[in-house]
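K.L.:
pasting the structure only:
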């Protein structure tokens, strides 16, 4: 605990454990670490569905579920989950969660005063649940904190889910700007995203940078150099014992632009010593598998349990981080933190000067978005240069320890939560800061 203050904090966000990738991991860590530090934390979340876009079997009972998990009071809300998400269905998905969260949020806000939250945190996505968080905060006499993991509206434009010049786009942009300005404090995960918030009309004095973090236990294990399992591990299970692995691991959705990996693998098919492994699930996977039909150097695998994370990361010779051009400053992929922590170089597709390119610089290579030939060459160059791979990987591991240590980042979050609960202004670091 960074001060003697014990806080009551409510967190509203659609994604939470047992989802293991993406936003859920950070919301879960936030809640559990703050509870471990003595604070009272309650979360209102959706039922787990990501990245499969299907409610997990154990959570399919109707209605709301309440539980205490690792000291966190959890209310899980029912919501619509489309099997094939598009623009309209995503809006219905997010709106259904906001509607289901309203009742639990009001009950929390209208408790007797000592039990009411002092701060309500709304995790975006989902922007449509922000009015619910705002109402709960005002009824409770609490401060509203918005944490932006992803600029949903612009990402929807970038991925073609919403036409950027249609009536829906105009409405969505206006709503986004108005809703974000409701926050007493607003945080996001990179300097470029902080700048975008200011560009959307949020007062600079309300904006703070709270990065996503690397798993500290994983960092310690990776730093210690522990790689293998006694049973031969994933390499043997997947038939990769004598090959270099170019690895993508994560959600397989529209905004990643993963199709470029298949095209690059096709261009590098003559390199029989390199296997392109795509490890993940999501609505775009069947289409990706169809594109890769007939390619002997491409392998698809499901996401692995967290206990296999260290081995999955360290089996890679290089990590692949594709991103469509228009999304490179809208979201900083959460998977990057553990990629760098693995001590393996990262190859990202991004334009120079974007947030993603800046984060990868010195720890890997950046190739132009959409340029499969450049991506294929970069993979082959690093595979053929073990000394450079080692140098870049070690630089990435140092960066993960310096910039993304969980304890340091949550120290800052906790410090700012205390300040806002006391009506004190934010301590705003320069937007170029890695803090």
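P.N.:
Looks like it came in fine. These numbers come from a predicted model, not from an experiment.

K.L.:
going forward, measure contacts and count neighbours with C-alpha atoms only.
P.N.:
OK.

K.L.:
tell me the secondary structure for residue 365?
P.N.:
Three-state assignment for residue 365 (DSSP: H, G, I helix; E, B strand; the rest coil): strand.

K.L.:
for it, give the beta-bridge partners.
P.N.:
residue 347 (DSSP bridges).

K.L.:
ok, it - how many residues close by?
P.N.:
Residues lying near residue 365 (other C-alpha atoms under 10 Å) number 20.

K.L.:
and for residue 288?
P.N.:
19.

K.L.:
and what of residue 239?
P.N.:
Neighbours of residue 239 using other C-alpha under 10 Å come to 9.

K.L.:
mind checking how far it is from residue 275?
P.N.:
Distance of residue 239 to residue 275, computed by C-alpha to C-alpha, to the nearest Å: 10 Å.

K.L.:
for residue 415, same thing?
P.N.:
Taken as C-alpha to C-alpha, the span from residue 415 to residue 275 is 45 Å.

K.L.:
these two: which has the busier surroundings?
P.N.:
residue 275 (22 against 17).

K.L.:
which stretches of the protein form strands?
P.N.:
With DSSP state E as the definition, the chain shows strands at residue ranges 8-12, 40-46, 65-69, 72-77, 119-124, 143-148, 185-188, 207-209, 244-249, 274-279, 298-301, 318-321, 346-349, 364-367.

K.L.:
got CSV for those strands, with mean pLDDT and distance to residue 397 too?
P.N.:
Putting the strands of the chain into CSV (pLDDT from 0 to 100; distance: least, C-alpha to C-alpha, whole Å) gives the following:
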stretch, mean pLDDT, distance to residue 397
strand 8-12, 98, 31
strand 40-46, 98, 32
strand 65-69, 96, 32
strand 72-77, 98, 31
strand 119-124, 97, 28
strand 143-148, 97, 26
strand 185-188, 96, 23
strand 207-209, 94, 21
strand 244-249, 95, 17
strand 274-279, 96, 22
strand 298-301, 95, 25
strand 318-321, 96, 13
strand 346-349, 95, 11
strand 364-367, 96, 11
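
K.L.:
okay, these in CSV with distance to residue 90 next?
P.N.:
Putting the strands of the chain into CSV (distance: least, C-alpha to C-alpha, whole Å) gives the following:
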stretch, distance to residue 90
strand 8-12, 18
strand 40-46, 14
strand 65-69, 23
strand 72-77, 17
strand 119-124, 14
strand 143-148, 18
strand 185-188, 22
strand 207-209, 27
strand 244-249, 23
strand 274-279, 24
strand 298-301, 26
strand 318-321, 24
strand 346-349, 26
strand 364-367, 31
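
K.L.:
for residue 170, find the nearest of those strands.
P.N.:
When these are compared by C-alpha to C-alpha, strand 119-124 sits nearest residue 170, at 19.4 Å.

K.L.:
that closest one pairs with which strands, and in what direction?
P.N.:
strand 8-12 (parallel), strand 143-148 (parallel).

K.L.:
quick check: longest helix of the chain.
P.N.:
Looking across the chain with DSSP state H, the single longest helix is helix 87-109.
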